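>>> Requesting a structural model of the entry that follows:
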Amino acid sequence: MLLSIWPRLDQPWADVLDLARFCDREGWHTLYVEDHFIGHPAAAEREPLLEATATLSALAAATGRIRLGTLVLSVTYRHPAVIANWAATLDHVSNGRLTLGLGAGWQESEHTAYGLPLGPPGERVDRFVEGLRVVRGLLERERTTLAGRYFQVVDAVSEPKPLQAKVPVLVGAKQNRMLGVVARYADVWNMWSTPSVFAERAGVLDARCERIGRDPATISRSTQALLRITGDRAEAERFAAEHAPRPCLAGPVGTVAEGIAAYAQVGVGEFIVVDSDLGTGAEREDTLSALRVALAGVLIPDAGPAHGTGAPARG
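Predicted coordinates for the structure are as follows:
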């Protein structure tokens, strides 16, 4: 199982940079950032929040090995042609280390505050599919034309193309229709989950793949949960209760490692560690190191396809 990191962007830039450099040195697979302009829930709206594309661009120049990803960029915030051009540039700056995570958008308060149309779920999916088609076209073809309801591009060119022969596209999805979008367009699937929920949703994704003649094994699978490393049972129980229904793993490092390993048994190939409850500075680094050691002791090797490893570069 690949182990990746998700630093929260409501912390100082210096802390994000330190964590990125630590994970780069220590062999973590991918660093992901979320795409929001205003914190959530409402109590966090006034908290400082770093912007995703600027953050990743800076980290691309500050690191040398770790892959860099978005979890996930919303096509409601940026025109897909803008996303494609940014992604190609980021891939060059990072020397071919981008995983491009895209989503349909969901945070109503943010859209309302910024005057951005969100729309009902069905409309979001329709717009998202059009956006995916524009992004993939501009990244992978010489010219792209799409006369859509939400996006229109005419004989559009985007150069330079990425260094990777194919930038992995990650789609965050849980509901049935979006899993159909994953089957048709994505290289990586992600969702918050428990092992049992992941297994059930993976079955739906497999069925959608088979329906269109795609091998389900060609889609890498990733997930995440909130983590709290503690030897205090009462604290672990409080943590899980406070964050319900979001998936949580809390307890001693060995217990948390066993919880992560349970995801590998249902086909998860990448677990993404959210750093929000792991301390800061040296404490956080020690916790992450201990978690990797513990996880290595309980994992069964080869939990599924990896994304963005060894992809041939253009030229």
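>>> Can you pull up the most central residue in this protein?
Centroid-nearest residue in the chain, with Cα atoms, centre = their mean: Leu71, separated by 3.1 Å.
>>> Figure out the helix or strand that the closest residue to it other than its chain neighbours lives in.
Once flanking residues are discounted, Leu71 sits nearest to Tyr32: 4.0 Å by Cβ to Cβ, 6 or more residues apart in numbering. Bear in mind the C-beta positions are built from the backbone N, C-alpha and C, glycine included. Secondary structure from DSSP states H and E places Tyr32 in strand 30-33.
>>> Show me what that strand is packed against.
Applying 3 or more Cβ pairs under 8 Å, 6 or more residues apart in numbering; DSSP states H and E, we find strand 30-33 packed against strand 2-6, helix 13-26, helix 52-62, strand 67-70, strand 98-103, strand 270-274.
>>> Identify whichever of the ones you listed lies nearest to Pro41.
Smallest distance to Pro41 across these (Cβ to Cβ): 16.1 Å, for strand 270-274.
>>> what's in contact with stretch 242-258?
192-194, 197, 224-231, 233, 235-237, 239-240, 259-260, 287, 290-291, 294-295, 297-298 (Cβ atoms under 8 Å, 6 or more residues apart in numbering).
>>> Please point out which parts of the helix or strand encompassing Glu130 sit buried.
For Glu130, the element it lies in under DSSP H and E is helix 121-140. Burial within helix 121-140, assessed by neighbour count using 16 or more other Cβ atoms under 10 Å, is assigned to 124-140.
>>> Just checking: what are the partner strands of whichever helix or strand comes after that helix?
Using DSSP H and E, the helix or strand that follows helix 121-140 towards the C-terminus is strand 144-147. Using DSSP bridges, the strands paired with strand 144-147 are strand 152-156 (antiparallel).
>>> so how far is the helix or strand that the strand it pairs with is followed by from its chain's centroid?
Next helix or strand after strand 152-156 toward the C-terminus (DSSP H and E): strand 169-172. Counting by Cα atoms, centre = their mean, to the nearest Å, strand 169-172 is centred 7 Å from the centre of its parent chain.
>>> Now do strand 169-172, average pLDDT.
The pLDDT scores in strand 169-172 average 97.
>>> swap in stretch 72-79?
Regarding stretch 72-79, the rounded mean pLDDT is 95.
>>> tell me which residues in it are buried?
Per 16+ other Cβ under 10 Å, stretch 72-79 contains these buried residues: Val72, Leu73, Ser74, Val75, Thr76, Tyr77, Arg78.
>>> can you pull the contacts of the residue of the chain positioned farthest from its centre?
In the chain, the residue that sits farthest from the middle, by Cα atoms, centre = their mean, is Ala234; the gap is 31.0 Å. Ala234 makes no contacts at all, as judged by Cβ under 8 Å, 6+ apart.
>>> Quick check: it is in a strand.
No - Ala234 is assigned helix when assessed by DSSP: H, G, I helix; E, B strand; the rest coil, not a strand.
>>> Surely the residue nearest to the centre of the chain and His36 touch.
No - using Cβ atoms under 8 Å as the test, Leu71 is too far from His36 to be in contact (10.8 Å).
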